[in-house]
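>>> Prediction below, plus the sequence it came from.
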Amino acid sequence: LAFCRGRIVRVPKGPLIRVVGTEVAIPCSVSDYDGPSEQNFDWEFSREADFVRIVSTWDSTFTSEEYQKRVGRGDIKLRRSSNDAVELVIRNIQPADQGRYKCSTPSTDATVQGNYDAEVQVKVISDGLSVSGSKARSSTSLRLSEGDSFKLRCSATTTSPEHTHLHVTWQVKSGSSWRDILSLTHEGKFQPGPGYEERYRSGDIRLDTGANDTYRLSVSQASSADGGAYRCLVSEWVRGADGSWQKIQEKGVEIATVSIQRTDVVISTSNVSVTERDSLDLTCNITTDRSGIFQAEVMWYFSASPDDALSDAQLLLSMDHDSVVSDSTLISLSHVDRNSYRLLVRDVDVEDSGYYFCEAAIWVPLLNGSWHKVVERTSAPVSVVVTALEPDYDVFLNASKTPKFSDDPTELNCRITNVQDTEANIRFAVSWYYRQRLPGDDAVAEELLASMDADWTLLPGDRGRERIQNGEIILSKKAADTFSLRIQWTSESDRGDYFCVVSAWSRHRNNSWVKSKDVTSASVNIFWATQDYTLTVEAVKLKPFFVAGHTFEMTCKVSSKNIKTPRYSVLITAEKPLTDQSNPNGTTRIISLNQDSVVRLEDWTDQTRVDGVVLEKVQENEFRYRMYQTQISDAGLYRCVVTAWSPGGGGMWREAVNGLSNPIQIDFQTSGPVFNVSVHSDSPTIYQGEVADLLCIVTTEGMPLEPDDMSFDVSWFAVRSFALDREPILLASLDRRGIVTQSRRNGSSDLSLERISPLEFRLRVHGCEDHDFGNHYCLVTPWVRSATGVWQREPDIKAKPIFLSVKMDVLNAFKYPLLIGIGLATAIGLLSCLIGYCSSRWCCKKEVQETRRERRRLMSMEMD
């Protein structure tokens, strides 16, 4: 391919057949060349032998003398289409231009390879194409109505000596440009123009051929877009030497000018405003110049929006082309004259506000007696506004009952006055609102208490829902024009402004109710003067001196002011010393008595003295507290916490004010023994699995006691950390009766707690694990029997913790894993030897053929 590559000059394959008087363009191109991208071209012409130079792209003196005038006038010129292609253009070609045309390119290659020129034969034939209208040369005018049909004809013949085909196209011009309607191509195919495909498939546009070389265009269902000038455009085509079709000439003639009278549908009234209960009158006018027999089909539509599609609108009423009207009660459709149709809507409602439009269709009779719809139009929507009839009335609010004190009833009446322009279809409902009054000009939004709808159904608001459900707020309708709001028990939170809103509801044709008007009353202020509640509580100790084991007794006297028929609830509290471990917060709630005289134990946890505390009501304002068999641990400050209650609504009690009494101190002066507690262990560091022994040792100082007069509650605790920064965990406890209680454990170790002497208690941890480490201590509660035989509880004593460390025995920990490893290694080694032996003995045995040696005795050389 590299050796065969060279410059190639191409012209069309001849002969080229052209018609005299037409414009001819002969292309010439070059490829596979070297040098600059833009190439030059020379054209020459020959009728018989010698070539005459015509024109060149690079040499202005190239043109011969006989062609200089035509080249100078522009009748012959070169038109460059690209850097490597030009066209020789000859305007108004004549028979003398028939001959051979040669296109040549000057060489720009390094070596001469390929062809540098090419020739093409041009044949000029006479003009035999004739195109004419149906009658005269001048075009006719047609005036048609929308939906009519029309036909246009043209004649086209050719007397060309060559075998040519005609291409006929019907065109229309409604503006400045021509549009193709339908064509019969030179290949005998029908081709609709852009936008006419659907009409061609439906048969509304046809192209028929007739006698005497006529071509007839038939248009049915003409629309306004079909108006304009129509022409018949005919082109003559010939098949070239390369098999392709080439257009050699084209002629056209205007046939007719068609004007289409548009059919319009208009509603005579523009925007309409009517009053509720009146009638709505609309007329649909059809504008058409159709003079023949036709009937109109009319449909009226309603839509809430002017932009809604026809499918989304509501069909009100219709009349078909036989003047049959669909049935309706309040809507009627009548035929006023030939082109006018009236819609009458009686007793209009607010819901009839919206947009109305009519759709009209024109029907014409056919020869077979049937009717055919030729055109259909929809009018522009007309806005209709229905003004509601609003009743005229006033609203007056007054308070028939106002509270003087808290919990008194309040009653408000909302009355409708000066009622005018109301009908039987008007119904009144009420809504009640509350607004809190603040000092200054601060605005507060109103809160809805309750409202009624058109059916007088009660709808509670957020503020009054619970109280309405409980019956504390009652809403009623006393008369046709009076609504009432009653608060059974008015509280201080109810003080403020109240107002009512009366709504007028109108009933529509579909029996639905629509609110038409709201009227708000003036506000009424509910307020009464109040004084602050005062409460005084005094505590008195009845026995100034007593010892442990005796009964402690105190009374609480209460006095109050500005509280209506109060009742009191009493709570006895004790403030223990901070050294008391049972209550680190300092204050203990012991016993309480509510306003209904119901006694309840609060935080009293001494199960041995469940009946040891009593609180009773002596008088209406006096209460007495007793504590039997007092203990040393009962020392502290005792107070009465009193709450005053006033009767509220519905038999409920409302908290008014709280009061706190003066403290009463219980302090025991004793010279008994002093107890000390310590923890000891002979081996605080142990290994896993061993037993840890911890001793809790109690020592006494001061007055000696017999062992039978002492008893101890011992509890062991552990803190699983080095720095005592975690919560202690109860391990086990031993009460003074000898009952041992253990807490639940997660590990495998076990505990035992025993008393080994009157003052020594031992805790043992069996099978210690690593999670048994930590600080361990004991908490001892001493009990001492007094001279009267009563056991007294002494304050709790906490021992200093001792740290228990649990280590791991490395030898015991690795003994079993080592034995198991050695055993497994020995077994695997023996198994490997067995497998190797068996493999070599039976699996991999190889047979070896040895040469058999003969066994002969040596012979002497003489015998050999």
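Ah, there it is.
>>> So residue 499 is in contact with residue 526, correct?
No: using CB atoms under 8 Å, residue 499 makes no contact with residue 526, being 11.4 Å away. Every C-beta, even on glycine, is put in place using the N, C-alpha and C of the backbone.
>>> List the contacts of the nearest residue to residue 271 once chain neighbours are set aside.
Spatial nearest neighbour of residue 271, excluding adjacent residues (CB to CB, 6 or more residues apart in numbering): residue 383 at 4.5 Å. By CB atoms under 8 Å, 6 or more residues apart in numbering, residue 383 lies in contact with 271, 272, 306, 354, 355.
>>> Of those residues, just say which sits nearest to residue 319.
residue 355 (20.4 Å; CB to CB).
>>> neighbours around the nearest residue to that closest one once chain neighbours are set aside, how many?
Leaving out its chain neighbours, the residue that sits closest to residue 355 by CB to CB, 6+ apart is residue 381, at 3.8 Å. When neighbours are counted by other CB atoms under 10 Å, residue 381 registers 20.
>>> Name the SS class of residue 830, please.
What DSSP: H, G, I helix; E, B strand; the rest coil gives for residue 830 is helix.
>>> Okay, it and residue 214: tell me how far apart.
Separation of residue 830 from residue 214 (CB to CB, to the nearest Å) stands at 117 Å.
>>> And those two? Which one has more around it.
Using other CB under 10 Å, the more surrounded residue of residue 830 and residue 214 is residue 214, with 15 against 10.
>>> I figured the more buried one hits residue 157, correct?
No: applying CB under 8 Å as the test, residue 214 and residue 157 come out as separate, 10.0 Å apart.
>>> Which residues are in contact with the closest residue to residue 463 other than its chain neighbours?
Once flanking residues are discounted, residue 463 sits nearest to residue 447: 4.4 Å by CB to CB, 6+ apart. Applying CB under 8 Å, 6+ apart, we find residue 447 in contact with 433, 434, 435, 461, 462, 463.
>>> And the pLDDT for the first one?
Right, residue 433. Looking at residue 433, its pLDDT is 92.
>>> who touches it in this structure?
Applying CB under 8 Å, 6+ apart, the residues near residue 433 are 446, 447, 448, 449, 498, 499, 500, 501.
>>> where's it, which helix or strand?
Element membership for residue 433 (DSSP states H and E) is strand 426-435.
>>> With just CA atoms, put that strand into CSV.
Only the C-alpha atoms of strand 426-435 are listed here, as CSV (Å, rounded to 0.1, in the frame of the first residue of the first chain):
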residue,chain,number,x,y,z
ILE,A,426,-78.0,30.4,60.0
ARG,A,427,-76.7,28.8,63.2
PHE,A,428,-74.7,30.3,66.0
ALA,A,429,-71.8,28.7,67.9
VAL,A,430,-69.5,30.0,70.6
SER,A,431,-65.8,29.8,71.5
TRP,A,432,-64.4,30.8,75.0
TYR,A,433,-61.0,32.3,75.5
TYR,A,434,-58.8,33.2,78.5
ARG,A,435,-56.1,35.8,78.6
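>>> give me the low-pLDDT residue ranges for the stretch 551-700 of the chain?
Filtered on pLDDT under 70, the stretch 551-700 of the chain yields the residue ranges 577-585, 648-651, 668-672.
>>> Show residues contacting stretch 646-661.
By CB under 8 Å, 6+ apart, stretch 646-661 touches 406-407, 470-472, 488-489, 491, 533-539, 556, 558, 560, 563-567, 595, 639-645.
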